[in-house]
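[1] Would you be able to build a 3D model of this:
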Amino acid sequence: MTALSKYTRLECTGLWRDAPGSHRREVVVSFGQASLILSDGRTETALSHWSLPATRRLNPGEMPALFAPAADAAETLEIGDPAMIDAIETIRRSLRARRPHPGRLRWGIVAGSIAALVLGGVLWLPGALVGHAASVVPISKRVEIGRAALRDLSRVAGTPCSTTRGTLALTRLRDRLFGPDGGTIVVLPEAVPGALHLPGRMILLDRRMLERHDNPEVAAGHALVERLIAETADPLVPLLRAAGTRATLHLLTTGDLPAAALQGYAERLLAQRADIPAAELSHGERRQLEIAIALALGSKAFLLDEPMAGMGPEGSRALTAFLGRLRAEAPILLVEHDMDAVFALADRVSVLVYGRVIASGTVDEIRADRQVRRAYLGDEA
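    Numbers count the residues shown, from 1 in each chain. Below is the predicted model:
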């Protein structure tokens, strides 16, 4: 794609707002493969990916330019760099010029990547296509897909509870657990096996679970564990697998998932793991189940013996983040060999070697202790 290749190395700063009313944040704007990448200038972490075919300019002819990832998206990006504005407009014109010609593949999200996949013969591998789509879909589109899946789920689980007092209570619970930008918690009348999650940071809870308990601890526990699972394994991936290759390709090339693609997804979602005995779960999954049971019982303190075992790198990072939120709710006594997790979570650390305490102190004190470095960190100094 000549127009995109011309601007591959072009970068500028912009002011990004991830939701109406939120503070604007300075980001670095660059081009990916048929996408705009918004990154944190200090950490270089990608904060959002926008599909160039779906990107819209909200104030044509005015400066600074104001863009959005879709016509009805909540995110906005303000850019004052004329070169970058011209590049975005040029690429969008190039994409529009290609659409009327019959027989040509309509370019969409990450068009350059699709071309590479076609040349390599990988495009038609469903797994690769689904993984690629999940990696580039922006949060605004994930929220839209999650809502569509919820509408299908409502066929079998009933209409989501939406009373004023209930909505206010769920909002407070969401804010306490995940913060105001932490997605949505939805209560369904029936059919939900405790809790489920959907793309767009949406947590689903069973109404009966709330009715059986006088306090919110059980619901909070289910919501926290479900968020942990969602952070460990992207919920958009199984949804796109269920939608099929044609629907996933349509999402990549147009920025939209066909409405018919999610028909019947509710039954698949509810049946995914409902009948799997606990003994047949993986070691990491059993760890998650153990924590879920402790949370559901409303425990006032948590004694965790090597919870990271069997998780893998991504699972360990997700569980560490989850426990970081949990420690605000109740004290945790953690026995763990994953030093990254220990240093990220602990207020005070005691180090044992062959059953004997060799050091106790803060994280900084333990890092500097020569005996600990020799025993655990491999430093012979």
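[2] alpha carbons only for contacts and neighbour counts from here, please
    Fine.
[3] Now do the strands in the stretch 51-200 of the chain.
    Along the stretch 51-200 of the chain, the segments classed as strands by DSSP state E, counting those that start in this stretch run 56-57, 65-68, 76-79, 184-188, 195-198.
[4] Let's see the last one as PDB, backbone CA atoms only.
    I take that to be strand 195-198. Taking C-alpha atoms only, strand 195-198 is exported to PDB below (Å, rounded to 0.1, in the frame of the first residue of the first chain):
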ATOM      1  CA  ALA A 195     -20.400 -15.000  36.500                       C
ATOM      2  CA  LEU A 196     -19.200 -14.600  32.900                       C
ATOM      3  CA  HIS A 197     -17.400 -11.900  31.000                       C
ATOM      4  CA  LEU A 198     -17.700 -10.400  27.500                       C
END
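[5] by contact count, what packs against that strand?
    Applying 3 or more C-alpha pairs under 8 Å, 6 or more residues apart in numbering; DSSP states H and E, one finds that strand 195-198 makes contact with helix 139-157, strand 202-206, helix 217-232.
[6] Can you lay out these as a markdown table showing distance to Leu333?
    A markdown table is the format used below for those (distance: least, C-alpha to C-alpha, whole Å):
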| stretch | distance to Leu333 |
| --- | --- |
| helix 139-157 | 35 |
| strand 202-206 | 28 |
| helix 217-232 | 18 |
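[7] Would you mind reformatting the ones you listed (as TSV) and adding columns for mean neighbour count and distance to Gly32 while you're at it?
    Shown next, in TSV, are these (neighbours: other C-alpha atoms under 10 Å; distance: least, C-alpha to C-alpha, whole Å):
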stretch	mean neighbour count	distance to Gly32
helix 139-157	19	17
strand 202-206	23	28
helix 217-232	22	24
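[8] just to revisit the earlier point, make CSV from the strands of the stretch 51-200 of the chain and add mean pLDDT, distance to Gly127 and mean neighbour count to it.
    Formatted as CSV, the strands of the stretch 51-200 of the chain follow (pLDDT from 0 to 100; distance: least, C-alpha to C-alpha, whole Å; neighbours: other C-alpha atoms under 10 Å):
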stretch, mean pLDDT, distance to Gly127, mean neighbour count
strand 56-57, 87, 30, 20
strand 65-68, 90, 29, 20
strand 76-79, 91, 32, 21
strand 184-188, 89, 28, 21
strand 195-198, 86, 19, 22
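[9] Domain-wise, how is this structure divided?
    Recorded structural domains for the chain (assignment: automatic domain parsing) are 2-123, 137-275, 300-377.
[10] Quick one: mean pLDDT over the last one.
    pLDDT averaged over domain 300-377 equals 83, rounded to a whole number.
[11] What count of nearby residues applies to Arg370?
    Using other C-alpha atoms under 10 Å, Arg370 is surrounded by 14 other residues.
[12] what does Pro331 give?
    Other residues near Pro331 come to 12 when the count uses other C-alpha under 10 Å.
[13] picking up where we left off before, out of the domains of the chain, which is closest to Val130?
    For the domains of the chain, proximity to Val130 was assessed by C-alpha to C-alpha; domain 137-275 is nearest, at 6.2 Å.
[14] gap between the nearest residue to Gly264 once chain neighbours are set aside and Trp16?
    If the residues on either side of it in the chain are set aside, Gly264 comes closest to Asp152, at 7.1 Å by C-alpha to C-alpha, 6 or more residues apart in numbering. Separation of Asp152 from Trp16 (C-alpha to C-alpha, to the nearest Å): 32 Å.
[15] what does Gly61 give?
    From Gly61 to Trp16 the distance is 20 Å (C-alpha to C-alpha).
[16] Looking at these two, which is more packed in?
    Between Gly61 and Trp16, Trp16 has the larger neighbour count (other C-alpha under 10 Å), namely 26 against 8.
[17] now the more buried one, nearest residue through space, not along the chain?
    Leaving out its chain neighbours, the residue that sits closest to Trp16 by C-alpha to C-alpha, 6+ apart is Leu77, at 4.5 Å.
[18] Isn't that neighbour up against Arg17?
    Yes - counting by C-alpha atoms under 8 Å, Arg17 is a contact partner of Leu77 at 6.4 Å.
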